[in-house]
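# Give me a model of this one.
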Amino acid sequence: MDSDKHQAPTVVAATPSRPPPYVPPPSPPPTKEILPLSWADPVGWLRLGWHDMLAHLGISLFYGLCFWGMALVMWAVFRNKPEYVMSIISGCVLVGPFLAMGLYDVSRQRESGTQPQLGQSLVCWRSHMGSMGMLVLVLMVLELLWGRASLVVFAVFFNTGMPSTAGVVQAIFNPDNWQFVLVYMVVGSVFAGLVFGTCVVSIPMILDRDTDAISAGITSLQVVFGHMGVLILWGLLITFMVVGGVLLWGAGLIVVGPWLGYASWHAYRGTVKWLVPPGVPERTGSNA
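Predicted coordinates:
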């Protein structure tokens with residue numbers, strides 16, 4: 001009897017009514033990492049983008065003319081509706097990255113050692129329709145909210161009616177309207193920051209790895225919040241270059257548009273590094 005008390009416990013075999021205990025699989029290793037950045041990196045991205053533009057002047061000119069044409073059409077449509085000025089800006093911020101997707105593809109092809117083709121860059125979005133469609137939906141919601149907030153600001157400060165284009169210019173440069181200018185800039189900065197934070201690496205990431213829109217957007221926000229100072233500098237450089245390009249009836253966008261498109265690809269490659277399984281060589285590039 002005593003010997004029976006010291007026997008090893010019997011292992012219960014798995015049966016159809018008693019499945020084996022669940023053993024969770026090991027956690028998968030991270031597939032990417034956010035690279036450290038320095039204050040000089042944005043200038044380096046612009047330098048690499050400039051080289052891409054000079055290497056493919058024909059393709060760059062085509063996209064530059066598209067950016068210029070978009071600016072002219074938008075100005076012609078909304079020039080008599082100054083209350084939609086913020087909507088114009090938000091529309092450019094919304095449409096610009098998607099026009100630049102072809103430029104991202106040119107930089108990607110050049111980086112991989114293949115000869116970029118204009119036709120390929122124009123249809124590079126076809127295999128990413130699901131992710132791009134979701135991201136477009138999110139950005140459209142932000143753009144609509146941005147435009148509505150702009151109308152509210154105008155309605156609050158100009159309760160006698162929407163001013164003319166000349167009236168808006170006078171209101172902006174009138175010291176007595178500093179409250180309107182301050183609120184207008186704060187509202188615009190908040191929405192511009194949301195759009196920028198969502199798009200800074202998400203669109204080239206979708207093109208490069210065909211990730212879903214949510215993962216790409218989260219990665220983009222991780223890059224921004226992980227390197228807030230450097231990314232603010234990058235956003236300011238983009239803003240100043242776009243504003244400079246809009247001058248002279250937007251003709252500067254012929255150069256600035258493609259340049260920033262190429263540079264944005266290198267910004268993505270310089271901030272996100274993909275970790276690949278052992279034995280699989282990683283694609284070479286600016287962050288390899």
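
# Look at Ser264 and say how many residues are nearby.
Residues near Ser264, counting by other C-beta atoms under 10 Å, number 26. In short, each C-beta sits where N, CA and C put it, glycine included.

# Wait, a helix at it?
Yes. When DSSP: H, G, I helix; E, B strand; the rest coil is applied, Ser264 is found to be in a helix.

# so which strand or helix has Lys273?
strand 272-274 (DSSP states H and E).

# meant to ask about Glu33, not that
Counting by DSSP H and E, Glu33 is found in strand 32-34.

# Which strands or helices does that strand pack on?
Applying 3 or more C-beta pairs under 8 Å, 6 or more residues apart in numbering; DSSP states H and E, one finds that strand 32-34 contacts helix 213-226, strand 272-274.

# Enumerate the positions of the shortest one that are buried.
Right, the one you point to is strand 272-274. Buried residues in strand 272-274, counting neighbours by 16 or more other C-beta atoms under 10 Å, are found at Val272, Trp274.

# can you check the first one too?
Going by neighbour count (16+ other C-beta under 10 Å), the buried part of helix 213-226 is Ala213, Ser215, Ala216, Gly217, Thr219, Ser220, Leu221, Gln222, Val223, Val224.

# Output the below-cut-off pLDDT ranges for the stretch 51-200 of the chain.
Filtered on pLDDT under 70, the stretch 51-200 of the chain yields the residue ranges 77-98, 159-174.

# Return the residues in contact with Ala55.
Taking C-beta atoms under 8 Å, 6 or more residues apart in numbering as the contact definition, Ala55 lies against Arg110.

# any idea how far Glu111 is from it?
Ala55 sits 11 Å away from Glu111, going by C-beta to C-beta, to the nearest Å.

# go on, Arg148?
40 Å.

# Please say which of these two ends up with more neighbours.
Using other C-beta under 10 Å, the more surrounded residue of Arg148 and Glu111 is Glu111, with 20 against 12.

# Would you pull up how far the helix or strand harbouring that one lies from the middle of the chain?
Glu111 is part of helix 101-112, with elements assigned from DSSP H and E. Remark: helix 101-112 is offset 16 Å from the chain centroid, using C-alpha atoms, centre = their mean, to the nearest Å.

# And stretch 200-210, by the same measure?
8 Å.

# swap in stretch 147-158?
Using C-alpha atoms, centre = their mean, the offset of stretch 147-158 from its chain centre is 26 Å.

# Report the buried residues of it.
Applying a neighbour-count criterion of 16+ other C-beta under 10 Å, one finds Gly147, Ala149, Ser150, Val153, Phe154, Phe158 buried in stretch 147-158.

# I'd say Trp234 and Pro42 touch.
Yes. Counting by C-beta atoms under 8 Å, Trp234 does reach Pro42; the two are 4.5 Å apart.

# Please identify every residue contacting each of the two.
Joint contacts of Trp234 and Pro42 (C-beta under 8 Å, 6+ apart) are Ala267.

# returning to what we had before: so which of the buried residues of stretch 147-158 are in helices?
Gly147, Ala149, Ser150, Val153, Phe154 (DSSP state H).

# still on that earlier bit, what helices or strands is the strand holding Lys273 leaning on?
The helices and strands touching strand 272-274, judged by 3+ C-beta pairs under 8 Å, 6+ apart, are strand 32-34.

# Show me what counts as buried in the strand it packs on.
For strand 32-34, burial by neighbour count (16+ other C-beta under 10 Å) applies to Lys32.

# Within the sheet, what are the partner strands of it, with directions?
Sheet pairing here is set by DSSP bridges, and for strand 32-34 it gives strand 272-274 (antiparallel).

# Now do the strand it pairs with, average pLDDT.
Regarding strand 272-274, the rounded mean pLDDT is 89.

# Tell me, how many residues neighbour Thr239?
Using other C-beta under 10 Å, Thr239 has 14 other residues around it.

# Return the distance of Gly113 relative to Met101.
Distance of Gly113 to Met101, computed by C-beta to C-beta: 21 Å.

# ok, the two, which is more surrounded?
The neighbour comparison of Gly113 against Met101 (other C-beta under 10 Å) goes to Met101, with 21 against 8.
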